[in-house]
Each structure stands twice: as C-alpha cells, then as structure tokens.
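Asker: let's see this in three dimensions:
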Amino acid sequence: MGIERPPSVDRLARSLTSSGLPHAICVEVAREAIESQRVDDAQLMARQRSRQMLRPVINATGTLLHTNLGRAPLGIESSARYANVELDLATGERGSRQRTIAGTVALAAGAEDALVVNNCASALMLVLAALAPGRGAAVSRGELVEIGGAFRVPDVMRQSGAQLIEVGTTNRTRRKDFEAAIDVADVALVLSVHQSNYKITGFSEQTPVSELATLGVPVVADIGSGLLDAACPWLDGPPPPWLADEPAARQTLEAGADLVIFSGDKLLGGPQAGIIAGRRDLVEACGRHPLARALRPGGLVLEALQQTMLKYIARDGASIPFWRMASEPVETLRTRAEGIVASIGSGEMPTVVTVDTDAVPGGGTLPGRTIPSCGVAISANIMDHLRNGDIPIVARMQDGRTICDLRTVDPADDELLGGRIGEALGQPR
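Answerer: Model (predicted):
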C-alpha cells in the first residue's frame, strides 16, 4: 500500500475559508497543520487562530473595569472621514493635537489646562521629567506603589531623571516629614500617589493635599482612577456609596494640588489615556518636553476621549457605558435575570436560577468595595462553552456554579446570553 500524501497547502487553505480568516492566514494555518501532521485538526486550528484575535466580548464577570477585557467599555461613534487632529480649521494651517482636546478636558476637570498622553504611567513620567529633571521629588514611603505589571513608582521616577526622596514611614507620614526633606534637599515638587489598589489600615496617617499645598513647592497628585468630580453631577441622585473617599480631580485641584494626573479608562469610562490637568504653566512645561511627542496619543484616542468628556460636560452619565452599568438599580438587574431564567425554562439538572451577587469596580480601583448586583447561576461549569462562541461570553465560577453577573452585561445582550446558556445545557436554539 502506498503512503497517503498530505494535501497541498493551497487546497487545505481553501478549505478553511469558513473560518473567516484572510487567505494568507489560512495558508499559514494550513502549512502549520501539514508540518505538524495535524491535517485533520486544521479546522480546529483555524478557529483557535481566529479566537486569538481581538473581538467583542460580553463581560458577565461582574467586574466593571476588567483589565483583561480592556477595562471601561467604550460607546463611541466614528466615521470613515479624516479628522482635524493637527489642523487649525480657523487658519487652515498646522495646529496642535493637544489643543483640540485640552480645553474640553480642562473644563470637565475644573483645571486651567490639560495634556493627554497614552496612559497614567506615561503622565507621571512626563511630569517628573519636565518639572524635576535631576532634582528631588518627595514622596511618602506609604505611597511608593506598584501599579500593576510589576511597574513601580520608584522605577518610573528613576527613568524620568527625577531623584526619589522618600519621606516618613510606610504607615505614617506627616507634613513635618516633607518640611524636613525640603530643608535639606533640592526638592522640585511633592508627589502624592493615591493608594488605589490597596489600603493601609490601623495605626496610619498620610498628609492630605491641602497640607502639602502649603509647603511652597508644586504639588502633583496622582489620583489614578480618574473620578472627575466627587459630587457625580452626571448621575441622577447622590454619588453611589461605593465611591466614598475616592479622590476626584476637581476637588483635588480645589484642595491646592497644582497638577492632577489620572487614567482615562478607569472611573472616567473612556479610552486608555493618561491625563495631566491643572496649572497652565506647568502643563505647558510638560507639553514642551521632548517626551511629550513620544507619549502622545493617536487620533482615535483623542476622538474617544473628546466624546466621553462632552458627555460629562452635558451631565449625561447614562450615555457613558461604565456609569450606566455601575448605576443600574439592582431591581432592574433582577427583573432582567428573571427574564433570562424564564427564557431557558425549567428542567432537570443542572438548574438555572436568579442569584444576588456582588459586583466590583475592578481595574485596580477601590479595593474591597463591592456593588450590589444580580445575575444568573447555573449549577454546572459551562465557562468553556460560553467563552468559545462567535461572541465570547466571560463569566465566573463561584461555589461550583457558573455565575453570569448582569451588572456588566448590556441589556441588548440578554437574549444572546440566555440562548448560549440554553445551548450549554443541551437546549436547541
């Protein structure tokens, strides 16, 4: 008997077109399947390759700012036209990409001026490089945080060229500790870093911005999470209780900070960006530094951030997906959950029931805070089935049950979620 020869790369690649992948990628998958002697698995390999690409995902985890899912969901509109990223439409001459967004961001944050870079770590590095090159930046030892991905504030400061001056102790730092540092060192600025992803409790004390502002050097407050205003005027009703004590840009500037820096994709609910806002002369100094060009965002980010800021200025929190999800009443979530359970119907094991849950802000913000929520619980592990559909659904396991928390699911996806749960339990679509 002769040895069966493998198909040609081209013929196998053409058989993979149903995967939706471009022909060139199908060729790559076909070649890999043939070389690894997995021709029979070529369709599976193509599907796996497709699932590795960026695609829309339904977040049913209950974590509003899910870092692995891009943090804040974006609800923006964009056309196929060009944009005046660096064109002054009044003069027809070249303009500044920062000018197109600065006024809107500054107005929303209650600042004189603003500058946008690609993330909050970049904002911190740029501020230090521009305002404290070769000079000291005084920071409380209790605020030398690791901001995720093994990136630490001392490392960022070292790369910026500023000299780290540690002040006080891990659990207690007072105004007089900063005074002592300023008396003996060349301190260009004081840096206050919000402990956004951890808490020090018990015998502890940190110096508030209002006291730091009396030291005679600029105060830069890294508030991290991007809450614009503690009063949340974009929401109907008072601020939600889970936001208690979270620093906000407007109030931090009012307390005496010269600059605030924060993220765009956390509590702000916008795209990934780093925002520097505050005194105009300091913002302009940051904008003149060579790093500003290296760290600048692209037009898509600026467009998304502008749309987000305009919604804040219009006090239209309902049109910002993060705030719409975060503020939806539990009673509304429960009604939606009951509708999903009813659509699946009753049957034998596994069972599907409505369940009260606790959602979390996520994204390294508000550690230990929870938000009452409601969802659907399935007494079986159907995580793989939910995750491997055309539109992946990411849920969580708890006490041996699959939990689909509706706090982070758009109501428009309820029918799809119910159908996929039914499929996992063997019910026809």
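
Asker: okay, CA-based contacts and neighbour counts for the rest of this
Answerer: Will do.

Asker: report all helices and strands that the worst-scoring helix or strand of the chain on mean pLDDT contacts.
Answerer: Within the chain, no helix or strand scores below helix 153-160, which has a mean of 81 by mean pLDDT, DSSP states H and E. Using 3 or more Cα pairs under 8 Å, 6 or more residues apart in numbering; DSSP states H and E, the elements in contact with helix 153-160 are helix 120-131, strand 163-167.

Asker: angle of it against strand 163-167?
Answerer: Between helix 153-160 and strand 163-167, the angle comes out at 150 degrees (axes from the mean of the first three to the mean of the last three Cα atoms, to 10 degrees).

Asker: tell me how many other residues crowd residue 216.
Answerer: 12 (other Cα atoms under 10 Å).

Asker: show me where pLDDT drops low in the stretch 1-150 of the chain?
Answerer: 1-4, 147-150 (pLDDT under 70).

Asker: and with 80 instead?
Answerer: Within the stretch 1-150 of the chain, the ranges that satisfy pLDDT under 80 run 1-6, 143-150.

Asker: export stretch 386-395 as PDB, just CAs?
Answerer: Taking Å, rounded to 0.1, in the frame of the first residue of the first chain, the C-alpha atoms of stretch 386-395 are listed here in PDB:
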ATOM      1  CA  LEU A 386     -19.800  30.500  26.900                       C
ATOM      2  CA  ARG A 387     -16.200  31.600  26.100                       C
ATOM      3  CA  ASN A 388     -15.900  29.700  22.800                       C
ATOM      4  CA  GLY A 389     -18.800  31.100  20.900                       C
ATOM      5  CA  ASP A 390     -18.700  33.600  18.000                       C
ATOM      6  CA  ILE A 391     -19.200  36.300  20.600                       C
ATOM      7  CA  PRO A 392     -17.300  35.100  23.600                       C
ATOM      8  CA  ILE A 393     -19.100  35.400  27.000                       C
ATOM      9  CA  VAL A 394     -16.800  35.600  30.000                       C
ATOM     10  CA  ALA A 395     -18.400  34.600  33.300                       C
END
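
Asker: off-centre distance for that stretch?
Answerer: 21 Å (Cα atoms, centre = their mean, to the nearest Å).

Asker: start the count at 494, not 1, going forward
Answerer: With the count now opening at 494, the last piece we talked about shows up as stretch 879-888.

Asker: may I see the buried residues of it?
Answerer: 879-880, 885-888 (16 or more other Cα atoms under 10 Å).

Asker: where does pLDDT dip in the stretch 644-793 of the chain?
Answerer: 644-647, 663, 688-698.

Asker: picking that back up, how about JSON lines for the buried residues of stretch 879-888, with pLDDT added?
Answerer: Listed next are the buried residues of stretch 879-888 as JSON lines, based on pLDDT from 0 to 100:
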{"residue": "879", "pLDDT": "95"}
{"residue": "880", "pLDDT": "93"}
{"residue": "885", "pLDDT": "94"}
{"residue": "886", "pLDDT": "97"}
{"residue": "887", "pLDDT": "97"}
{"residue": "888", "pLDDT": "97"}
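
Asker: what segments of the stretch 794-922 of the chain are helices?
Answerer: For the stretch 794-922 of the chain, the helices defined by DSSP state H, counting those that start in this stretch cover 814-819, 823-837, 876-880, 907-917.

Asker: out of the ones you listed, deepest packed?
Answerer: helix 814-819 (a mean of 20; mean count of other Cα atoms under 10 Å).

Asker: same for it, what does it pack against?
Answerer: Against helix 814-819 (3+ Cα pairs under 8 Å, 6+ apart) you get strand 556-558.

Asker: which helices and strands sit right next to the strand it packs on?
Answerer: helix 814-819, strand 845-855.

Asker: among the ones you listed, which is nearest residue 498?
Answerer: Closest to residue 498 of those is strand 845-855 (Cα to Cα; 49.7 Å).

Asker: break this protein into its domains for me.
Answerer: 502-544, 551-566+821-917, 589-809 (automatic domain parsing).

Asker: same list (these) but as CSV, adding distance to residue 575.
Answerer: Shown next, in CSV, are the domains of the chain (distance: least, Cα to Cα, whole Å):
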stretch, distance to residue 575
domain 502-544, 26
domain 551-566+821-917, 24
domain 589-809, 10
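
Asker: quick one: stretch 724-743 to chain centroid distance?
Answerer: The answer for stretch 724-743 is 18 Å, by Cα atoms, centre = their mean.

Asker: may I see the buried residues of it?
Answerer: Along stretch 724-743, these residues count as buried under the neighbour rule (16+ other Cα under 10 Å): 724-728, 732, 736, 739-743.

Asker: need the helices of the stretch 794-922 of the chain in a markdown table (columns: distance to residue 747).
Answerer: Below are those laid out as a markdown table (distance: least, Cα to Cα, whole Å):
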| stretch | distance to residue 747 |
| --- | --- |
| helix 814-819 | 24 |
| helix 823-837 | 34 |
| helix 876-880 | 46 |
| helix 907-917 | 43 |
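
Asker: of all the ones you listed, which lies closest to residue 576?
Answerer: Comparing the helices of the stretch 794-922 of the chain under Cα to Cα, the one sitting nearest is helix 814-819, at 24.1 Å.

Asker: and that closest one, how far out from the chain's middle?
Answerer: The mean C-alpha position of helix 814-819 is separated from the chain mean by 13 Å, Cα atoms, centre = their mean.

Asker: what's in contact with it?
Answerer: 557, 565-568, 760, 762, 810-811, 864, 900-903 (Cα atoms under 8 Å, 6 or more residues apart in numbering).

Asker: return a selection command, for use in ChimeraX, containing the buried ones of those residues.
Answerer: ChimeraX command restricting the contacts of helix 814-819 to the buried ones, with burial defined by 16+ other Cα under 10 Å:
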select :557,565,566,567,760,762,810,811,864,900,901,902
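
Asker: and which of the contacts of helix 814-819 is nearest residue 614?
Answerer: For those, the nearest to residue 614 is residue 760 (16.1 Å; Cα to Cα).

Asker: ok, and the closest non-adjacent residue to residue 911?
Answerer: residue 833 (5.3 Å; Cα to Cα, 6 or more residues apart in numbering).

Asker: how near is that neighbour to residue 897?
Answerer: Separation of residue 833 from residue 897 (Cα to Cα, to the nearest Å): 11 Å.
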